[in-house]
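Chemist: Here's a sequence, model it:
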Amino acid sequence: MSDIFDKIINLFKWPVAVLALWTLPSFFQSLDYFDFKTIYFAALFGGFIVYFFGQLSMDKEAKTSMQIIAHELTHSFFAVITFHSVKHIRVADDNSGGSMGFVGTGNWLIIIAPYFFPLFCLFFMLGVTIYLKVMPMNWVISVLFGYFVGYFVDTVASQIHDKQTDLKEVGYPFCFMFLPGANLWILGSLLAFNGRLSKGGTGWDGVFAYPKLLWKLNLDNLDYVINLFRQF
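Modeler: Below you'll find the model as predicted:
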């Protein structure tokens, strides 16, 4: 089962990279659809800033360990959802890195996942979903969410460099095309989650609506480019 799934995912590697690259302008256009003037977005950005101020007093060894663990857990999460059994997760004693092993060949999504997917944000969002079934929404949730978003941005930024063997394995041209758009798409989805929470939604309705918005903007941009070429 996992081998079949790997082959299907690998077929979409370059089409997904092209789509991510094309979507870059749409992300910036989509910012006009967010109401950043609400208290919930102010709280989100406040939590984001609190995270980075907190890093000034955080032990460097502890921070590195957390990032390595998050990295390997994200590899493992994508291995599991693509039908692979995880054999082990290890962190080096000197915090120089980590590793994980799984059964099967694998696919590019497992390799690249830690460089764009916010696993801890996902866990927080699931927790918020349960919390809101018994308690009302308040701005403190957005502060905490902003903290996790800050952690995601910091972790991804610190991991993307030329010494990462994962990036070399999937190919630098692919990373150049895929990672900027993928990370901005994720950030937009996180903003959409917070935005819908502020309006009394579940948050997930915003996450699911955001790709539809990007798709519409992508089509509008494609139409603009086609019309531009027709003028010549």
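
Chemist: Relative to residue 18, how far out is the closest residue in space to residue 106 that isn't next to it in sequence?
Modeler: Closest residue in space to residue 106, ignoring its immediate chain neighbours: residue 6 at 6.4 Å, by CB to CB, 6 or more residues apart in numbering. Placement of C-beta: from N, CA and C, glycine included. According to CB to CB, to the nearest Å, residue 6 and residue 18 sit 20 Å apart.

Chemist: The two: which is more packed in?
Modeler: residue 6 (20 against 12; other CB atoms under 10 Å).

Chemist: Which of the three states applies to the most centrally placed residue in the chain?
Modeler: Using CA atoms, centre = their mean, the residue of the chain that lies closest to the mean C-alpha position is residue 117, 3.2 Å off. Three-state call for residue 117 (DSSP: H, G, I helix; E, B strand; the rest coil): coil.

Chemist: That one: what's it in contact with?
Modeler: Going by CB atoms under 8 Å, 6 or more residues apart in numbering, residue 117 touches 74, 77, 78, 186.

Chemist: my guess is the last one contacts residue 115, does it?
Modeler: No. No contact is recorded between residue 186 and residue 115 when judged using CB atoms under 8 Å, the distance being 10.6 Å.

Chemist: So which bits of stretch 39-54 are buried?
Modeler: 40, 41, 43, 44, 45, 46, 47, 48, 51 (16 or more other CB atoms under 10 Å).

Chemist: from those, which single one is nearest residue 216?
Modeler: Among the buried residues of stretch 39-54, residue 41 lies closest to residue 216 (CB to CB), at 22.4 Å.

Chemist: host element of that closest one?
Modeler: Take DSSP states H and E as the rule and residue 41 turns out to sit in helix 39-54.

Chemist: need the next SSE after that helix, C-terminal direction.
Modeler: helix 60-81.

Chemist: Return the angle between stretch directions for that following helix and helix 39-54.
Modeler: 130 degrees (axes from the mean of the first three to the mean of the last three CA atoms, to 10 degrees).

Chemist: If you count contacts, what does helix 60-81 end up packed against?
Modeler: strand 86-91, strand 98-102, helix 108-112, helix 119-131, helix 139-159 (3 or more CB pairs under 8 Å, 6 or more residues apart in numbering; DSSP states H and E).
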